[in-house]
Every structure is written in C-alpha cells, then in structure tokens.
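Student: the following comprises the amino acid sequence and a computationally predicted model.
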Amino acid sequence: MDQASSSSRDAETRPEPVTVVIPAHNEEKTVADVIRGVREHVPAARVLVIDDGSTDATAQVAKQAGADVISHPLQKGNGAAIKTALRGIRGGLVAVIDADGQHDPRELPELIKLLDRYDLVVGARNFTPRDGTLFRNSGNLFLRRLASFLAEQQIPDLTSGFRAFRHQIAAKFLHIYPNGYSFPSTSTLSFITAGYNVAYVPIHARPRPPETESKLRPFRDGFRFIMLILRIITMANPNKIFFPVGLAMVLAGIALTIRNLVLFAQFSGGTVLFLAGGINIIFFGLILDQFAAVRLQERE
C-alpha cells in the first residue's frame, strides 16, 4: 500500500515532458544556432525539427546539432509542419520557435513555465517601427483589432509563431489548422473561442539575418488570415458576425421605410429586401450558433 502511494506521488510530481518544435524550410544558415540555444536554455526538452521540403542542407545541419528531424518530401507549409509534429508527439507540453533566429531561445523557459496556469502562452511582439515596415505593422494592427473584436478578447499579437501550449488541447483542433502560415492566428483563435486560458508574454523579436528571406507574403497571406479569422469565429461564435450584419440591414430597412412613408407615402421593394434579408440573417446566425455549441461540446 505504501509503495502504491509512493508511486502515485512520484507520478504527480514528475514534470511533464517538453518538446520544442522548430519548423524549417531552407534555414541551413540559422537552424543550428536555434537548436543550440534551445538545448542550452531548455536542456530537458526534446528538440524536434520538421524539415518542410528543404532543398538545402537544413535536415543534415539540424541532425548534426543534435535535434530529431522529420522531413517532408516536398514543401507543404509552416502549418503542415506543425501538424506533423503534433501527430508525432505523444503528449506533454509543446513549444514552437521559428528556425530563422528571430526568436530568442532564452525566453522559452518563461513561456513553458506559465503552462502550469494557462493552456496557451504566446510570445507577443511590440511592433515598433524598427521591428518591421510600416505596411507590415499596419497589417498586423488591423488583423489584431479585427480578431480582438470577433473573439471578444484583447489579442496583443495574433501572428506570433513563438508560443507554448498543451499537446492534448492543441491536438483537438488539428482538423482546423491550415497548412500555410496561418497556424499562429488559427490556433490562438481556436483556443480562445473554445474557452481555454490564453496568456501573452512580451518578447523582443530580433532582426532577421540579412542572408535569409522571409517566407511570408503580405497580400496573399494577409487575405488568408482574414478569411481564417472569419471562418473560425463563424464556427465558434457565429452571432458575432451574423447578428451585427442582420441588425444593420433591419435598421437600414426601417430607416428606408420611414423615409419612403414620409416622402412618398408608400413602401418600396428595397425596404422589404432589407427587412426580410436582415431578419433571415439573424435567424440563420441563431441556427449556426446552436450547431457551434453542439460542436464545441463534442470536442470536450
């Protein structure tokens, strides 16, 4: 009996396994430094590099630096790399850090430590003018404001790839994560809309090394970010979109009705269209909200 109690206490006090995932595509010049930094500051963690179809020596350099490596035969995208990692991890805590050297591995322990109270911890950048172009910072600001409004929660950084989370929870949303560069925004909104605890830790993103090139394309990926935000909110909280749109149409229909009655003493087809369309959108949102509630309960 005493041995059983002792084993139970040991299991409770044993730290959860930590895996640091490094998605990489053609990052042979920087990935080794990132791996060494991770091994230095999180020595007990498993370092897992997902080589996303690199055409250079990224996989070989990562293995020489001491990381476990899983290679895609062709490039699938940052999100696909993280999904591969999640499928290959058995559980515990997971941290994600980019292979380009912009994130400081010494900040990893703080993110991982907060997982004793939170389900997702995001490294939030400060977006000062010297940290990026005006166009890119403005785009990030727009996405953050839109996501914060739809999620009904302040989101300081929607697109940061530097984060830590519980594997058991993140694996629930595998079917939602995209293959491209929208994994950070998708995972953040998935955790928030499902009611999990999300924290943000201020970090300083280092400048990208001059010999490397960003894989992000502002126009193409920015449009995809917006569509994914709308998609996730529609699945989790449809009334946040449908109710304001429907209400705006109903109010516009009422205003047009009053105007036409005062000026022309008659109704018009446009007023009926606005009123009927707005009411239909509101009721459609209510129906979708019921489906969303059932879907979230099934995921628990």
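Tutor: Structure received.
Student: just the helices in this protein please.
Tutor: 2-13, 31-41, 58-64, 78-88, 108-113, 134-151, 167-170, 183-193, 218-236, 239-264, 269-299 (DSSP state H).
Student: could those go into a markdown table alongside distance to residue 125 and mean neighbour count?
Tutor: C-beta coordinates here come from the backbone N, C-alpha and C atoms, glycine included. Putting the helices of the chain into a markdown table (distance: least, C-beta to C-beta, whole Å; neighbours: other C-beta atoms under 10 Å) gives the following:
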| stretch | distance to residue 125 | mean neighbour count |
| --- | --- | --- |
| helix 2-13 | 35 | 8 |
| helix 31-41 | 17 | 20 |
| helix 58-64 | 25 | 19 |
| helix 78-88 | 17 | 20 |
| helix 108-113 | 13 | 19 |
| helix 134-151 | 8 | 16 |
| helix 167-170 | 21 | 18 |
| helix 183-193 | 11 | 24 |
| helix 218-236 | 16 | 17 |
| helix 239-264 | 26 | 15 |
| helix 269-299 | 30 | 14 |
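Student: residue 72: which of these is closest?
Tutor: Of all the helices of the chain, helix 78-88 sits nearest to residue 72, with 7.0 Å by C-beta to C-beta.
Student: which elements pack onto that closest one?
Tutor: Contact analysis of helix 78-88 by 3 or more C-beta pairs under 8 Å, 6 or more residues apart in numbering; DSSP states H and E lists strand 18-24, strand 46-52, strand 68-72, strand 93-96, helix 183-193 as its packing neighbours.
Student: which of the ones you listed has the lowest mean pLDDT?
Tutor: Mean pLDDT across the helices and strands packed on helix 78-88 is lowest at helix 183-193; the value there is a mean of 87.
Student: so which elements touch that one?
Tutor: helix 78-88, strand 120-124, helix 134-151, strand 163-166, strand 198-202, helix 218-236.
Student: break the chain down into its domains, please.
Tutor: Listed by automatic domain parsing, the domain ranges of the chain are 15-233, 239-299.
Student: out of the ones you listed, which gets the lowest mean score?
Tutor: Taking the mean pLDDT of the domains of the chain, domain 239-299 comes last: a mean of 78.
Student: for the helices and strands packed on helix 78-88, give me TSV that also has distance to residue 200.
Tutor: Shown next, in TSV, are the helices and strands packed on helix 78-88 (distance: least, C-beta to C-beta, whole Å):
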stretch	distance to residue 200
strand 18-24	19
strand 46-52	24
strand 68-72	29
strand 93-96	15
helix 183-193	9
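Student: so which of these is nearest residue 251?
Tutor: Residue 251 lies closest to helix 183-193 among these, at 27.0 Å (C-beta to C-beta).
Student: and that closest one, how far out from the chain's middle?
Tutor: 4 Å (C-alpha atoms, centre = their mean, to the nearest Å).
Student: restrict it to CA atoms and write it as CSV.
Tutor: Extracted in CSV, the C-alpha atoms of helix 183-193 (Å, rounded to 0.1, in the frame of the first residue of the first chain):
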residue,chain,number,x,y,z
PHE,A,183,-1.2,28.4,-37.8
PRO,A,184,-0.5,31.0,-35.2
SER,A,185,-3.7,33.0,-35.8
THR,A,186,-5.8,29.9,-36.2
SER,A,187,-4.5,28.2,-33.0
THR,A,188,-4.9,31.4,-31.0
LEU,A,189,-8.5,31.9,-32.0
SER,A,190,-9.3,28.2,-31.6
PHE,A,191,-8.1,28.2,-28.0
ILE,A,192,-9.9,31.5,-27.2
THR,A,193,-13.2,30.6,-28.8
